[in-house]
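[1] could you work out the structure for the sequence below:
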Amino acid sequence: GMRWLYRPIMGYLRTFHNLAHCTTVPTKTLLAQLAASGFERLAVVARGIDAERFHPRHRCEALRVQWGLAEGDFAVLYVGRLAAEKNLDGLAVAFEAIERANPRARLILVGDGPMRAALETRLPKALFCGQQMGHDLARCYASADLFLFPSKTETFGNVTVEAMASGLPVVAFADGAALELVRTDENGASVDLADDAGYVSEATRLALNAAACRHMGVSARATALQLDWETIANRFEFVIRSAIQSELGPSQNSQVN
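    Residues are numbered from 1 along each chain as shown. I've put the predicted structure just below:
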């Protein structure tokens, strides 16, 4: 209900950022959006992933038992804030379809927020784990079989990469990190932002094929490794050096190099 503030806020942000030698953004998509709004001197520096913390080796059968899963059951995971802006109604619709097709599937939600009570009522068989951190969070990722990320309002979506690094295929709308990383039938499924029915269909399709999910999880891990911290740090250093060199005269550039 505050749409009228968009233009003045964007005008202020544009003026502020255009004073800088460079503004970094996490995705090519955001760069294109900001460039179209008059932002200048933009560079992509994606967000990195700790690929040792988030790793398939943290899969824990004991945790799956705590979740109430037997051998052959299928764990569908969501990690994030339990709030309306995350499109959790879409998550509920998708899992309801999964549950009808695969009664041995169970939804695991990690996170907390104002929609928790409503979701507990709507999804009585789902397991709500609350907020998890560190090794406990890593175990949750690695112990699941499929990651659903229904949000349509992300600038990046760190959980997408955390799930992929943990060996999970991801079903997500083509936005933020998912737009650039998730490829249908290679490491998950990417769905157009306007295709709510397609999201439900893809989530259900993957939830019915555990073997395919395991195969795609290997590819998901390989994709996430492209964002390891060494790669991101090198990219950031390059952007910083380029900004410095744009300010210095030719005679001083040799000092930077």
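
[2] relative to residue 212, how far out is residue 35?
    38 Å (C-beta to C-beta, to the nearest Å). Where C-beta positions appear, they are placed from N, C-alpha and C, glycine not excepted.

[3] next: residue 36.
    38 Å.

[4] these two: who's more crowded?
    residue 212 (13 against 8; other C-beta atoms under 10 Å).

[5] leaving out chain neighbours, which residue sits closest to that one?
    Once flanking residues are discounted, residue 212 sits nearest to residue 206: 6.8 Å by C-beta to C-beta, 6 or more residues apart in numbering.

[6] least confident secondary structure element in this protein?
    Least confident helix or strand, the chain: helix 250-256 with a mean of 53, by mean pLDDT, DSSP states H and E.

[7] and residue 35, backbone torsions?
    phi -60, psi -40 (degrees, to the nearest 10).

[8] do the same with residue 23
    phi -120, psi 130.

[9] that one against residue 41, yeah?
    Yes: using C-beta atoms under 8 Å, residue 23 is in contact with residue 41, at 6.5 Å.

[10] between the two, tell me which one has more neighbours.
    residue 23 (19 against 15).

[11] who does that one bridge with?
    Legend: beta-bridge partners of residue 23 under DSSP bridges are residue 42.

[12] contacting residues around it?
    17, 34, 39, 41-43 (C-beta atoms under 8 Å, 6 or more residues apart in numbering).

[13] now list the buried members of these.
    Neighbour-count burial within those applies to 17, 34, 39, 42-43; the criterion is 16 or more other C-beta atoms under 10 Å.

[14] could you dump those into CSV and include distance to residue 175?
    Shown next, in CSV, are the buried ones among the contacts of residue 23 (distance: C-beta to C-beta, whole Å):
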residue, distance to residue 175
17, 22
34, 15
39, 19
42, 18
43, 20
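
[15] which among the residues you listed gets closest to residue 100?
    Distances from residue 100 to the buried ones among the contacts of residue 23, taken as C-beta to C-beta, are shortest for residue 34 (41.8 Å).

[16] what sits closest to that closest one if chain neighbours are left out?
    Closest to residue 34 by C-beta to C-beta, 6+ apart is residue 42, at 5.9 Å.

[17] correct me, but residue 228 touches residue 49?
    Yes: with contacts counted by C-beta under 8 Å, residue 228 reaches residue 49, the gap being 6.5 Å.

[18] so which of the two has more stuff around it?
    residue 49 (24 against 15).

[19] report pLDDT for that one.
    We have a pLDDT of 94 for residue 49.

[20] how much space separates it from residue 233?
    12 Å.

[21] same question for residue 239.
    11 Å.

[22] who has more neighbours, these two?
    Neighbour totals were compared for residue 239 and residue 233, and residue 239 leads with 16 against 12 (other C-beta under 10 Å).

[23] can you give me the helices for the stretch 151-257 of the chain?
    158-165, 176-181, 196-207, 210-224, 229-247, 250-256 (DSSP state H, counting those that start in this stretch).

[24] most tightly packed of those?
    Among the helices of the stretch 151-257 of the chain, helix 158-165 has the highest mean neighbour count (mean count of other C-beta atoms under 10 Å), at a mean of 26.

[25] what is the mean pLDDT for that one?
    On average, helix 158-165 scores 97.

[26] what packs against that helix?
    strand 74-79, helix 134-142, strand 146-149, strand 170-173, helix 176-181, helix 210-224 (3 or more C-beta pairs under 8 Å, 6 or more residues apart in numbering; DSSP states H and E).

[27] please repeat the previous calculation with a cut-off of 7 Å.
    Counting contacts by 3 or more C-beta pairs under 7 Å, 6 or more residues apart in numbering; DSSP states H and E, helix 158-165 packs against strand 146-149, strand 170-173, helix 176-181, helix 210-224.
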